[in-house]
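> Let me see the structure of the following:
(chains A and B)
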Number of protein chains: 2
Amino acid sequence: MSDFTDKLRPSQPDGPTTLAHERGQSNLSVEELSRHLLSSDGFLERQARVLPIVQSEPLFSKEKQQNLSRPDRFKLGLARAKLLRRLKDKYQWSHDEYKMAEYLVDDVSPYFLHLEMFITTIREQASEEQRAYWMPLIESWKIIGAYAQTELGHGSNVRGLELEARWDSRTKEFVLHSPTLTSSKWWNGSLGRIANHAIVVAQLMLPKPDASGECVSHGPHPFIVQVRDMETNLPLEGVVIGDIGPKYGYITMDNAYMLFDHFRIPHSALLSRYSSLDPNTGIYTKPEKPALVYGSLTYVRAQIVHHARLVLARAVTVAVRYTAIRRQFQDRDGDKTGPEMAVLDYPTVQIRILPLLATTFALHYAGQAMCAIYQNTRKDVEKGDFRSLAHMHSMSSGLKSLCTMLAADGIETCRRAMGGHGFGGGSGLIQLNNDYLSKPTVEGDNWMISQQVAAYLIKKMTTAVESSSSAAVDDTDALYKEFIRSRQGGATPPSDLSVLENDSNIVKSFELRATALTYDTYEQRVLKKRSWNSLLIQLHKLSKAQSQSILVATFFEALSSDTSLSPPVKDIMWGLFRLFAFNTMENESFEFFRCNAVAKSDLDQLPNRVHDLMQRIRPHAVILVDSWMIPDFLLDSALGRYDGRVYEDLYNRAHRLNPLNRITFNPNYWEEEIIKGSGDDVSNVLSKL
Amino acid sequence: MSDFTDKLRPSQPDGPTTLAHERGQSNLSVEELSRHLLSSDGFLERQARVLPIVQSEPLFSKEKQQNLSRPDRFKLGLARAKLLRRLKDKYQWSHDEYKMAEYLVDDVSPYFLHLEMFITTIREQASEEQRAYWMPLIESWKIIGAYAQTELGHGSNVRGLELEARWDSRTKEFVLHSPTLTSSKWWNGSLGRIANHAIVVAQLMLPKPDASGECVSHGPHPFIVQVRDMETNLPLEGVVIGDIGPKYGYITMDNAYMLFDHFRIPHSALLSRYSSLDPNTGIYTKPEKPALVYGSLTYVRAQIVHHARLVLARAVTVAVRYTAIRRQFQDRDGDKTGPEMAVLDYPTVQIRILPLLATTFALHYAGQAMCAIYQNTRKDVEKGDFRSLAHMHSMSSGLKSLCTMLAADGIETCRRAMGGHGFGGGSGLIQLNNDYLSKPTVEGDNWMISQQVAAYLIKKMTTAVESSSSAAVDDTDALYKEFIRSRQGGATPPSDLSVLENDSNIVKSFELRATALTYDTYEQRVLKKRSWNSLLIQLHKLSKAQSQSILVATFFEALSSDTSLSPPVKDIMWGLFRLFAFNTMENESFEFFRCNAVAKSDLDQLPNRVHDLMQRIRPHAVILVDSWMIPDFLLDSALGRYDGRVYEDLYNRAHRLNPLNRITFNPNYWEEEIIKGSGDDVSNVLSKL
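As a prediction, the model looks like this:
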């Protein structure tokens, strides 16, 4: 399909020229920074090892996948997921290498739940005997499992689940039954078309001891249940299962609905490491340590927090590279000779992208800190020390809420900053955006779980007030007690804390604001006895303030304690720290002011400071995004590709790869024919509706 | 496909029961309010007339369209667009009725550009002779046209377009030529697969008078060009055209790329109402009134502003109805008997949805005001009076920027407020969101055009300062002069303007803030001579403040001057006005404070006021969204349907309508087979990549 456009080149300066210039003007070392960010757990080396393998498989080509129908896209997703597992066998990949391959292929796997919640639940909640039976089947993928907890009518409120598992003491079986439509399982990944087994969470209904024959619920319990025939893969008699249909994202995931009609499962289906039912006596033993379940949710949230930096880095990489290349208009005050300005040189583009660039690093250090705290707490818990669990749970909830919001909103901000081409399929952000938009909701809705943070902080403050004259038991307690002492004798005077020239004061200022909001909330709830629900908005603001304080503090601590970075890199990293902190502070100016957390004169200066910091960081922007080392294969972006050939790639996708251009249409409205000369009429289209 | 789930019902209280209760608890009349909002131009009656017709056409069924591939979705879009035109002929629809049908069918039409920019440009910029030739062909759809201005490398900066139209005085032809890849036309709707003609905007290159043979550009000019063969619908020799591929939205629109290789067009192709070229002498006549072109852009922006209310109303309708029905958790401080709480009763859900509900009305009145000003200005301009043009242009730019941002962000806020089911396909918001996300960028990027607002305001302030002792020439001038006088004698003292009990003070406060920001910007730019680009962020903030002020003022004026609304409706409308104003003000507290635009004590009270207003409005929320009269056919939403059968509809879409459930998959990773028992392997999937 050769034509005169084959020889055309973009106008000058083109993308490669521009990016070469951008990369030449910075004295930072990509290698140094990328090793600093991504080498500690071997991530970079793993990426280098796995990338060539997945890149060479035609099935992983992303070139045309945006054109597929949902059913075809699902078939592709399944074929890819199968191939990934075969490659794991072939190359003897570790679990981390396999996850790396999945990350690069960038499809949500229909086997995802099998590999995560299904296996984890068996590992953690099955008895030894159950594990011995199930684990070999699971690990060899002889059976495929899912995790069915959420229902059509209940997600957040797990206690409200409606599916019943009623004990039949005559046959020693449980009877799974869906009494209502809203009791249908819903959203359960990997189950809609694929899994033949599932962990099914249902109300454990046991006969009342009074022998009335009535049952009473002992709360939701997990059962392992075969739901499809191993030969035909069709649902078993008494079970209705299917995929819930198209969604914003997760196109390759078969999120399920599932209902049961008096479906009998054996006594051995109840996962019985922590709770059990004696089949002979009918005596029920309650779980001893509910805290452990709590730990597994925290793990998932910590993972989400840690993952957010790479998601946002991907969007920022695209936005920085493209806006460095894209030129539009000459300087209004300039002499109008020479090329147009790069749009990244406009402050109105910078203010949308550069604070997000800084945010990728803030998310990185917070994610690292979160993982470290998770590991330490787990060690404590294994030793029987549960004291740090509540702190970790609060931190993971608050950070999950804030960080997924920052990343999700950041993707869209980057997209809009790219103007027209940001709306096109060549951005590489469509699927990323569609998939990631699930994150503010799953694993605890961002607005709901902020209550968990606030509840913890109110409790800490209550203790601090009650024991204000005793020695502090931890950092938060010390902070709170200092705050309480400073308030004695009346209202706090306007702050003179200056943050502009003192980085540790920035951290103090964020802490002070969070502490003041905590105290205020404590006062409302504990002293004035205001109802919990009337305070919900305030609780959400408190959680956000606390989590922003953690982001700022962990960023500061990471830079302060680092001894390995070279001076030029360190210098820019401090600039990024300040940009993140000042931009965040500017957006919350009134709250910092009201909390007396920073000098008013400093607040007035923030817009100028942010502007100046952006000018300092701007020349290093391309190098900084390069350091995240996101390969073109993952970016799948004409706008963000490493070599800068933006326009060539956009044209190639349109002119050579777009299947719509192989069809010639009939534009005459008085003719029903759609495809020119085919006689093909509307009935063909109608049959798909 | 009957099974045991056919008889299942949702748990109680179900959706219909809940909505009946919601509708019963409000004393507002839906009929009164909907007539107030939508009757002035016959919108409601038109909707009632057209809806049954489109609803009865199987081709307009939306039930399965989310599952289609891009090519199939495009075919469907084309088939629907043809049918719509045939229905227009059949029912003798007016243009407004035809637009109503398009609005209800809710597909972007592949004929859209033919009906809008193509016909408008011919009407406005073609000579009489040209119009006489082309208009009958256009109106009968004998030819289909598009509008090709934007290029791969240039959108906002029209002067930077690269496509050349070089005058060949020997043959009396223009030669269209694309010198670079970036000169490819790009994004041009209706042209990728459908149109056979286009308005092509190209640099008019004329020989220099010095007879050197060199050409010089006289700027971009519009040409009417046949680009495809009328028989085959294939591009003519020397033209390359195609569809640019998948995008965020606009799936049924064939946005184009187009390049020319020394393609000759006749002299008559240059649209010559305003500028012309004598074919014999080669003498060029410049356009006299560039202001008229300016007017047409303003028209499009005014239309976008007016449309925003219905877009946001659609999202808010879904969110209000669903969150009124959705229940989760019992009151933490309550007695834990009775049903769970409706999530709309949580302040954290209210704060996301109810201010947006108020925003729909703010957008409504601002849109009305914008249209009225457009009509008046047009009358003035036709009389040769151009004085109000700059004001109208500034207002339309600022409102376009702010209102599309409010609507676009509002859709996503509503979606997230709906939790898990908000991520599903049953929300009815996916296509709305995907399509509407184009609006912040098209017809002037939201961040870019805010400069046009600021430039106008700085000019007004400069005039006011220079003539501060003369009488005011208009309202803005009066405001500015009062501000200037109040500043004389030094800095303004902290404000004591109280907004809590005085609605006209709310308007004043917004005006004061916008005026103070204008003065500050004037000072920076005019007195301190700061560069334009260094002020861009401030200019954007100024435009936003000015446009917020317009929204508040037009809302206030509409309610103040209304004499027809009943007391209960009026009362709630005032509540919505205050909710919109106070919520906006709270989000910008620091700026209002810094500008001395409101008493500090009032700012501290805003969160409580917003909370109280939400409690007052909450019982009327369902009735208020009902009043927007958005039919279920348009909503296409399980979550937002009028009768409240949320769960029944979600289940129906999943269990009965999802085509993926007709396919049984093979989950064994060691087998390449994808569809169970078909032997169908990966090659089938590969062929589509």
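> is chain B contacted by stretch A:260-272?
Yes - Stretch A:260-272 is in contact with chain B by Cβ under 8 Å from any Cβ of the partner chain, via residue A:261. C-beta here means a position set from N, CA and C on the backbone, and glycine is covered the same way.
> what about the strands in the stretch 151-300 of chain A?
A:164-168, A:173-177, A:185-188, A:197-207, A:215-226, A:239-243, A:256-260, A:263-266, A:276-277, A:284-285 (DSSP state E, counting those that start in this stretch).
> Kindly reformat those strands as a markdown table containing mean pLDDT, distance to residue A:94 and mean neighbour count.
Shown next, in a markdown table, are these (pLDDT from 0 to 100; distance: least, Cβ to Cβ, whole Å; neighbours: other Cβ atoms under 10 Å in any protein chain shown):
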| stretch | mean pLDDT | distance to residue A:94 | mean neighbour count |
| --- | --- | --- | --- |
| strand A:164-168 | 97 | 37 | 20 |
| strand A:173-177 | 98 | 37 | 22 |
| strand A:185-188 | 98 | 28 | 26 |
| strand A:197-207 | 97 | 25 | 23 |
| strand A:215-226 | 96 | 27 | 19 |
| strand A:239-243 | 98 | 31 | 22 |
| strand A:256-260 | 98 | 30 | 28 |
| strand A:263-266 | 98 | 35 | 17 |
| strand A:276-277 | 94 | 35 | 18 |
| strand A:284-285 | 93 | 38 | 13 |
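> do you know which of those lies nearest residue B:352?
Minimum separation from residue B:352 across the strands of the stretch 151-300 of chain A (Cβ to Cβ) falls at strand A:185-188, 21.5 Å.
> contact partners of the closest one?
Residues outside strand A:185-188 that contact it (Cβ atoms under 8 Å, 6 or more residues apart in numbering or on different chains) are A:113, A:146-152, A:155, A:163, A:191, A:198, A:200, A:244, A:255-259, B:420, B:650.
> Would you mind writing the CA trace of it as PDB?
This file holds the C-alpha atoms of strand A:185-188, laid out as PDB (Å, rounded to 0.1, in the frame of the first residue of the first chain):
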ATOM      1  CA  LYS A 185     -22.800 -12.900  43.800                       C
ATOM      2  CA  TRP A 186     -21.600 -10.000  41.600                       C
ATOM      3  CA  TRP A 187     -18.300  -8.600  40.300                       C
ATOM      4  CA  ASN A 188     -16.400 -11.800  41.200                       C
END
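> From the chain's centre, how far out is it? Work that out for me.
Put simply, strand A:185-188 sits 19 Å off its chain's centre (Cα atoms, centre = their mean, to the nearest Å).
> related to what we said a few turns ago, make JSON lines out of the strands of the stretch 151-300 of chain A and add distance to residue B:76.
Compiled in JSON lines, the strands of the stretch 151-300 of chain A are given as follows (distance: least, Cβ to Cβ, whole Å):
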{"stretch": "strand A:164-168", "distance to residue B:76": "43"}
{"stretch": "strand A:173-177", "distance to residue B:76": "41"}
{"stretch": "strand A:185-188", "distance to residue B:76": "28"}
{"stretch": "strand A:197-207", "distance to residue B:76": "36"}
{"stretch": "strand A:215-226", "distance to residue B:76": "40"}
{"stretch": "strand A:239-243", "distance to residue B:76": "22"}
{"stretch": "strand A:256-260", "distance to residue B:76": "27"}
{"stretch": "strand A:263-266", "distance to residue B:76": "40"}
{"stretch": "strand A:276-277", "distance to residue B:76": "54"}
{"stretch": "strand A:284-285", "distance to residue B:76": "56"}
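> out of the ones you listed, which comes closest to residue B:25?
strand A:185-188 (29.6 Å).
> show me the residues around the nearest residue to residue A:350 once chain neighbours are set aside that make contact.
Of all residues not flanking residue A:350 in the chain, residue A:614 sits nearest, at 4.6 Å (Cβ to Cβ, 6 or more residues apart in numbering or on different chains). Residues in contact with residue A:614 (Cβ under 8 Å, 6+ apart) are A:347, A:350-351, A:354, A:579.
> Pick the one among those closest to residue A:107.
residue A:354 (31.2 Å).
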